[in-house]
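Enquirer: Sequence plus the predicted model coming up.
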Amino acid sequence: MRPNSDLHPDRSLQKAVRVTTRAAMGNLRWLCEHMPPYFFVTMRDEQAALASLATNLHSLERNRHLILVDQEKEFILARLDVPGSIYETLERIQDREVSYAEMAHSDAPVPDTDHPLEIQRFEFDRKADADVAAASKVTIPPRIRRETLAALKANYPPMAPHEREKLLRLIWLNNERYVRVSPARRVAQLLWLFHEARTHGGIFLDVEASGPEAPQETRVLFAVGNPPHRDYLAQVIEVFNRLNLGVRRCYTLTISTGVHPYFLGSFYVIRRDGGLVEKSSDLFSQLRRELYNTQILSTESATYRDFVVQRLLTGEEASLINAFIGFCHTSLAHNQPHQYTLEDVIRAFHSHPDIALRLVRLFEVRFDPDLPNREARYEAERAETEREVAAYNTGHKQLDAFRRSIFRTTLFFIHRTLKTNFFVPEKHALAFRLDPGYLADLGPDFTADLPPERPFRVTYFHG
């Protein structure tokens, strides 16, 4: 019986399959020539994904991305490298907690395109602190332990034997696969970064030239103890994007210690305007302030979404606005809780980003230690800002009076702040020492329910 021709592929489809099969070997050669050697080392347990990449690489000429693995605990994506591509993927998987992330780029454009290849790998296997704390003795293969500790000794300052053993054990408990497949030098680097974060009070940042194999890249080593739980990697990547730094490669791991987690990241970045990230540069100072500020500014806050992601404010400025919001709500709502709700105070700042930014600038003029002639400039800026707040008028009498009271309270806050750590890079929260005279500034409408005695000093923490 002759088969029904409608049930069989036509010749054009058969030809397309043969073309794809022949192209796979050429694609594999291209990958071997243009992807970094570490890529094949860390992907050696993903042979099916590599085969899929080789078979379909040329499809990126017309497709936005190619999914290589999509499982409960792992996601691997191939796509063309464009600014913001990593952040775009992290937004796509924001409901999943990333335990490990790895990025790699080719050193040449994908054939028939203008962009390099970008491989993004994510794992979602975050270990609970309780499980790590309850873990019994682990046995690390002698070869891995020996080579890792030798690389640590050869490349980094001495570390107490009990400390290095403890940290290596924690890394193994959290991601055994990473320790098994990664070069000993990379595991040693992660171990050292872990140690430095613990030594420096839970946060550490360092930059160094990547080396002769990638002369335009700067290696950024960043670690944070007890980072925000949601979208933290996306927030770090957003900082790099905002500072015009392209992430060429990265390896990040979230380590559960049995008490609280640590975020450990090694990022290989390029300046899109050329050059390296030097420690003495203004760019490094900006990077340090913004990365440290990620501990204070939540990605779930409206200020982050409306101002930072939209590139209207820096992360530091957004944190300061959140501090303004918290102070105004606390100061005004305790006596009038139904009128000064948190949502309405937030809305006052978000409805008028020009005034919010003006108040941020006034604060910076008063306290920026590098600004010359600060006092005279502050008095002039303060007078102008007070006039702008007093003249605030949208034609809605009650709403305007309500929002003017919030902006005036922010002015009182700025003027009565005696000392702040806002311009100190290494901080876990914002702190403000206040002259209690701000209570008199607020007036009896907002302080009548307080005791008549005034405190000697008020300290406000945010974050």
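Expert: Everything's here; your move. No experiment lies behind these values; they were computed from the predicted model shown.
Enquirer: what's the burial count for the closest residue to residue 226 other than its chain neighbours?
Expert: Residue nearest to residue 226 in three dimensions, not counting chain neighbours: residue 260, with 4.3 Å by CB to CB, 6 or more residues apart in numbering. Where you see a C-beta, it was placed from the backbone N, CA and C, and this is true even at glycine. Using other CB atoms under 10 Å, residue 260 is surrounded by 12 other residues.
Enquirer: how near is residue 260 to residue 338?
Expert: Between residue 260 and residue 338 the distance is 38 Å, computed by CB to CB, to the nearest Å.
Enquirer: residues touching residue 307, list them.
Expert: Shown in contact with residue 307 (CB atoms under 8 Å, 6 or more residues apart in numbering): 313, 317-318, 321, 350, 353, 356.
Enquirer: cool, residue 440 as well?
Expert: Counting by CB under 8 Å, 6+ apart, residue 440 has contacts residue 447.
Enquirer: For the helix or strand containing it, buried residues please.
Expert: Per DSSP states H and E: residue 440 is located in helix 438-442. Neighbour counts using 16 or more other CB atoms under 10 Å place 438-439, 441-442 of helix 438-442 among the buried residues.
Enquirer: try stretch 413-425
Expert: 413-417, 420-422.
Enquirer: average pLDDT across that stretch?
Expert: For stretch 413-425, the mean pLDDT works out to 94.
Enquirer: Please apply the same query to stretch 381-397.
Expert: Mean predicted confidence for stretch 381-397 is 93.
Enquirer: what's the pLDDT at the residue most central in space within the chain?
Expert: When CA atoms, centre = their mean is applied to the chain, the residue found nearest the centroid is residue 236 (1.5 Å). On the pLDDT scale, residue 236 is placed at 95.
Enquirer: and if you look at residue 55?
Expert: 91.
Enquirer: Put the alpha carbons of the helix holding residue 440 into PDB.
Expert: What follows is helix 438-442, C-alpha atoms only, in PDB (Å, rounded to 0.1, in the frame of the first residue of the first chain):
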ATOM      1  CA  TYR A 438      12.400  69.900  64.200                       C
ATOM      2  CA  LEU A 439       9.500  69.100  66.600                       C
ATOM      3  CA  ALA A 440       8.900  72.800  67.200                       C
ATOM      4  CA  ASP A 441       9.100  73.300  63.400                       C
ATOM      5  CA  LEU A 442       6.300  70.900  62.900                       C
END
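Enquirer: on that earlier part again, make TSV from the buried residues of stretch 413-425 and add distance to residue 453 to it.
Expert: Below are the buried residues of stretch 413-425 laid out as TSV (distance: CB to CB, whole Å):
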residue	distance to residue 453
413	21
414	25
415	22
416	18
417	22
420	25
421	28
422	29
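Enquirer: Go through those and flag which are in helices.
Expert: Secondary structure defined by DSSP state H assigns 413-416 of the buried residues of stretch 413-425 to helices.
Enquirer: Where do the helices of the stretch 301-450 of the chain begin and end?
Expert: Secondary structure of the stretch 301-450 of the chain (DSSP state H, counting those that start in this stretch): helices located at 302-303, 315-333, 342-350, 353-367, 374-390, 397-416, 438-442, 444-447.
Enquirer: Please identify the most buried of those.
Expert: helix 315-333 (a mean of 22; mean count of other CB atoms under 10 Å).
Enquirer: In which helix or strand does the residue nearest to the centre of the chain reside?
Expert: helix 232-242.
Enquirer: average pLDDT for the next helix or strand after that helix?
Expert: Later in the chain than helix 232-242, the nearest helix or strand by DSSP H and E is strand 245-256. For strand 245-256, mean pLDDT rounds to 94.
Enquirer: part of a strand, is residue 275?
Expert: No. Applying DSSP: H, G, I helix; E, B strand; the rest coil, one finds residue 275 to be coil, outside a strand.
Enquirer: Determine the next helix or strand in the C-terminal direction from the host helix or strand of residue 23.
Expert: Residue 23 belongs to helix 11-34 when assigned by DSSP H and E. Remark: after helix 11-34, the chain's next helix or strand is helix 37-42, criterion DSSP H and E.
Enquirer: which residues does residue 321 contact?
Expert: 303, 307, 313, 349, 356, 359-360.
Enquirer: low-scoring pLDDT stretches of this protein, where are they?
Expert: Applying pLDDT under 70 to the chain flags residues 1-10, 13-20.
Enquirer: Helices of the stretch 51-200 of the chain, start to end?
Expert: 85-92, 129-134, 142-155, 161-174, 176-181, 184-199.
Enquirer: do you know how far residue 308 is from residue 134?
Expert: According to CB to CB, residue 308 and residue 134 sit 39 Å apart.
Enquirer: Check residue 193 too.
Expert: Residue 193 is 26 Å from residue 134, by CB to CB.
Enquirer: Which one's more surrounded, those two?
Expert: Shown here are residue 193 and residue 134; by other CB under 10 Å, residue 193 has more neighbours (22 against 9).
Enquirer: pretty sure the more buried one is touching residue 224, no?
Expert: No. Counting by CB atoms under 8 Å, residue 193 stays clear of residue 224, with 10.7 Å between them.
Enquirer: What is the end-to-end distance of stretch 79-98?
Expert: By CA to CA, to the nearest Å, the extent of stretch 79-98 from end to end equals 19 Å.
Enquirer: Next, the buried residues of that stretch.
Expert: Within stretch 79-98, the residues that count as buried by 16+ other CB under 10 Å are 79-81, 85-90, 93, 98.
Enquirer: can I get these in CSV with distance to residue 58?
Expert: CSV is the format used below for the buried residues of stretch 79-98 (distance: CB to CB, whole Å):
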residue, distance to residue 58
79, 14
80, 12
81, 16
85, 19
86, 23
87, 26
88, 22
89, 21
90, 26
93, 26
98, 29
